[in-house]
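Colleague: model this:
(chains A, B and C)
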Amino acid sequence: MPELPEVETIVRQIRPGLVGRTVVGARVLWARSVARPSAARFSSGLVGRRVVELFRRGKYFVARLRDADDAESFLVGHLRMSGRLYLGAEREPPYTRVALDLDDGRTLAFSDVRKFGRLALVARPEEGMPALGPEPLDPSLDAAWMARELRRRKRALKPLLLDQSFLAGLGNIYVDESLHRAGLHPLRRSDRAATRAGALLDAIRTVLVAAIEAEGSSFDVFYRTPEGQPGAFQDEFLVYGRDGRPCRACGAPIVKIVVGQRGTHFCRRCQPAPRPRARAAAASRA
DNA sequence: CAAGACTCCTGACGGC
DNA sequence: TGCCGTCAGGAGTCTT
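Modeller: I've put the predicted structure just below:
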């Protein structure tokens, strides 16, 4: 599903048409797509509110709203695996779960085949999302910060980078891509990769910036930008979905394993396996 | 703490 | 052609 670059792309594309608009009607077609409050209060609460700002936090999109009395509230959403936003489609898009009718006659549709995505209407953005780690593109993060955090967490790199409380916005694709670019094995323990913290942070940022530049990744017909154009970053994948094919860096075959129930792609040559601990090595020799 | 299993959902695809 | 198992860009909850 959409990761940071895809959400960023959607927010950028929808923002000009959405900011300044007032919600004149809200329809919840699948109640569980609304996390809070109730579907009824969600709908009634949105009507009459004007969008004054649209931004992204991790994989969440956030619309700041004001009502006629200038009271502030926030529409917070997560697309999970298959969610999409459409602004102004003439016909209701397939799998529309929530539709917001706007004062210019257009509609913001939240479409979601698998129904994992969620919307929330809350007083503060933090009420609509769990505590998130920092934004990977935040310029105040540096190698020293990353090294400190990698040492503190002591987890395999792959699940750690997927943990949104560590860094906000990375998902399965961009973690695999980042680890390849940093030359780090997905099962390497974070505290033992701390010396490579700078390279890892650089790789993450390089991948994310390039993906945003390409307007995200979309390798199936259900995942496109709101305008319907597919993103192009999937053409630049070095490992994701390339199992069995040659590594673009060294030619060795890309392999796929399962880590934390997630398909994990890497190059055995560019991302060497972690060395077993001395005790484990001794045990395996014995 | 960390890791693994299970859950929420639907659709696409490969194999038989 | 049709059926079945598997897998999918995410993440919360529960157990070990």
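Colleague: now the helices for the stretch 51-200 of chain A?
Modeller: A:143-153, A:157-162, A:172-182, A:197-213 (DSSP state H, counting those that start in this stretch).
Colleague: do the last one and DNA strand C come into contact?
Modeller: No - using CB under 7 Å from any atom of the strand, helix A:197-213 stays clear of DNA strand C, with a minimum separation of 9.8 Å. (Each C-beta comes from the backbone N, C-alpha and C, glycine too.)
Colleague: which residues of the stretch 1-150 of chain A lie near DNA strand C?
Modeller: Counting by CB under 7 Å from any atom of the strand, the stretch 1-150 of chain A sits next to DNA strand C at A:1-3, A:6, A:58-59, A:78, A:80-81, A:114, A:116, A:130.
Colleague: strands of chain A, start to end?
Modeller: A:23-28, A:34-36, A:50-57, A:60-66, A:72-78, A:83-87, A:96-102, A:107-112, A:118-122, A:254-259, A:262-267 (DSSP state E).
Colleague: redo those as JSON lines? Include mean pLDDT, distance to A:Cys247 and mean neighbour count.
Modeller: Listed next are those as JSON lines, based on pLDDT from 0 to 100; distance: least, CB to CB, whole Å; neighbours: other CB atoms under 10 Å:
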{"stretch": "strand A:23-28", "mean pLDDT": "98", "distance to A:Cys247": "47", "mean neighbour count": "18"}
{"stretch": "strand A:34-36", "mean pLDDT": "97", "distance to A:Cys247": "41", "mean neighbour count": "18"}
{"stretch": "strand A:50-57", "mean pLDDT": "98", "distance to A:Cys247": "32", "mean neighbour count": "17"}
{"stretch": "strand A:60-66", "mean pLDDT": "98", "distance to A:Cys247": "34", "mean neighbour count": "21"}
{"stretch": "strand A:72-78", "mean pLDDT": "98", "distance to A:Cys247": "33", "mean neighbour count": "21"}
{"stretch": "strand A:83-87", "mean pLDDT": "94", "distance to A:Cys247": "32", "mean neighbour count": "24"}
{"stretch": "strand A:96-102", "mean pLDDT": "97", "distance to A:Cys247": "40", "mean neighbour count": "22"}
{"stretch": "strand A:107-112", "mean pLDDT": "96", "distance to A:Cys247": "35", "mean neighbour count": "24"}
{"stretch": "strand A:118-122", "mean pLDDT": "98", "distance to A:Cys247": "37", "mean neighbour count": "22"}
{"stretch": "strand A:254-259", "mean pLDDT": "95", "distance to A:Cys247": "6", "mean neighbour count": "16"}
{"stretch": "strand A:262-267", "mean pLDDT": "96", "distance to A:Cys247": "4", "mean neighbour count": "21"}
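Colleague: okay, those in a markdown table with distance to A:Glu213 next?
Modeller: A markdown table is the format used below for these (distance: least, CB to CB, whole Å):
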| stretch | distance to A:Glu213 |
| --- | --- |
| strand A:23-28 | 32 |
| strand A:34-36 | 32 |
| strand A:50-57 | 16 |
| strand A:60-66 | 19 |
| strand A:72-78 | 23 |
| strand A:83-87 | 20 |
| strand A:96-102 | 30 |
| strand A:107-112 | 25 |
| strand A:118-122 | 28 |
| strand A:254-259 | 24 |
| strand A:262-267 | 22 |
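Colleague: where does the residue lying closest to A:Leu141 once chain neighbours are set aside fall, phi/psi-wise?
Modeller: Leaving aside its sequence neighbours, A:Leu141 sits nearest to A:Pro134 (CB to CB, 6 or more residues apart in numbering; 5.9 Å). Backbone geometry at A:Pro134, expressed as degrees, to the nearest 10, gives phi -70, psi 160.
Colleague: burial check on A:Pro134, number of neighbours?
Modeller: Neighbours of A:Pro134 under the rule other CB atoms under 10 Å: 15.
Colleague: now do the contacts for it.
Modeller: A:141, A:167-168 (CB atoms under 8 Å, 6 or more residues apart in numbering).
Colleague: quick one: which of these is nearest to DNA strand B?
Modeller: A:Leu167 (13.8 Å; CB to the nearest atom of the strand).
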